[in-house]
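Novice: predicted model, plus sequence, below.
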Amino acid sequence: MRDQYERRERLNRGLAIAGAAVLVIGILWIDISTGIWQDLVIAAGLAAGLVTFLLSALVLNRIIARQAEKRWAPVNRLAVTEFLHAIADDEKSEVAHGVIVARSLPDIAGVEDRDAFSASLHALREAVARERSELSGALSRWAEFLTTSGDNELTLRHVADIALQLDQVRDTALEIEQQPSVPGRKRLLAEIAECNTHFASLIGELQRRLAADTKLAAG
């Protein structure tokens, strides 16, 4: 997902730069071949302003943002590492060595006894509450910094999406506990599986982000 987003962003940026270059060359060619800007003072001012805007938006601002991203890369790594700790299985992971296994919500697929299933739903809701608290805490501590220190928008959105997915699992579990049904149970199992998939996917994304920040800081 992130790779597709980054490829799309690079393509859009490349097209924008190419379009701006064509426009600037066109303005210069008109000036050299016709001298029209000397006769149309207002139009010349607008053209000059447009060229300045394009250079600032597509070149200068990008350079400044890149420098800021490099300067804050060590702190960015700290934030990403905290997100990894928030979703990593402590017993199976060694975050400092890059060995990270995502935690997962309890599997209740094989629980058939009514009392046992009720207990499993209660344990599931408690697990969801813990995961939600871990993610929300990390997000609230680092969201403001990450939005201003680099290209972290997609990661923040994915973390928020998982938090919302956890809310959905909790609400469905509570609904089934109050009104048990086979369709409701199937829906809950699907939501649990989707949430666990998101956890594993986010681990991979955060590891790639961490590697990128490490390379940026070293460069």
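Specialist: Structure received.

Novice: tell me, how many residues neighbour residue 94?
Specialist: Close neighbours of residue 94, defined as other CB atoms under 10 Å, add up to 11. No exception for glycine: its C-beta is placed from N, CA and C like everyone else's.

Novice: any idea what it is bridged to?
Specialist: Beta-bridge partners recorded for residue 94 (DSSP bridges): residue 99.

Novice: worst-scoring helix or strand of the chain, pLDDT-wise?
Specialist: helix 36-39 (a mean of 57; mean pLDDT, DSSP states H and E).

Novice: helices or strands up against the strand or helix carrying residue 203?
Specialist: Assigned by DSSP states H and E, residue 203 belongs to helix 182-218. Contacts defined by 3 or more CB pairs under 8 Å, 6 or more residues apart in numbering; DSSP states H and E place helix 182-218 against helix 2-34, helix 61-71, helix 73-87, helix 153-178.

Novice: what about the closest residue to residue 214 other than its chain neighbours, neighbour count?
Specialist: In this structure, residue 214 finds its nearest non-sequential neighbour in residue 77, 6.5 Å apart by CB to CB, 6 or more residues apart in numbering. Neighbour count of residue 77, defined by other CB under 10 Å: 18.

Novice: residue 187 versus residue 149, what's the distance?
Specialist: For residue 149, the distance to residue 187 equals 39 Å [CB to CB, to the nearest Å].

Novice: any low-confidence regions in the protein?
Specialist: In the predicted model of the chain, residues 1-48, 50-51, 54-65, 68, 150, 216-219 satisfy pLDDT under 70.

Novice: name the element the nearest residue to residue 86 once chain neighbours are set aside belongs to?
Specialist: Excluding the flanking residues, the one nearest residue 86 by CB to CB, 6+ apart is residue 134, at 4.2 Å. Element membership of residue 134 [criterion: DSSP H and E] is helix 114-149.

Novice: that older thread, and residue 149 and residue 187? Which one has more around it.
Specialist: Neighbours per residue, other CB under 10 Å: of residue 149 and residue 187, the larger number sits with residue 149, 19 against 15.

Novice: what are the contacting residues of stretch 112-122?
Specialist: Here stretch 112-122 makes contact (CB atoms under 8 Å, 6 or more residues apart in numbering) with 106, 108, 111, 173, 174, 176, 177.

Novice: re the thing from before, list the buried ones in the helix holding residue 134?
Specialist: Using 16 or more other CB atoms under 10 Å as the test for burial, helix 114-149 gives 117, 120-121, 124-125, 127-128, 131-132, 134-135, 138-139, 142, 146, 149.

Novice: so that helix versus helix 153-178, what angle?
Specialist: Interaxial angle of helix 114-149 relative to helix 153-178 (axes from the mean of the first three to the mean of the last three CA atoms, to 10 degrees): 160 degrees.

Novice: got the angle between helix 114-149 and helix 182-218?
Specialist: Using the same axes, to 10 degrees: helix 114-149 against helix 182-218 is 30 degrees.
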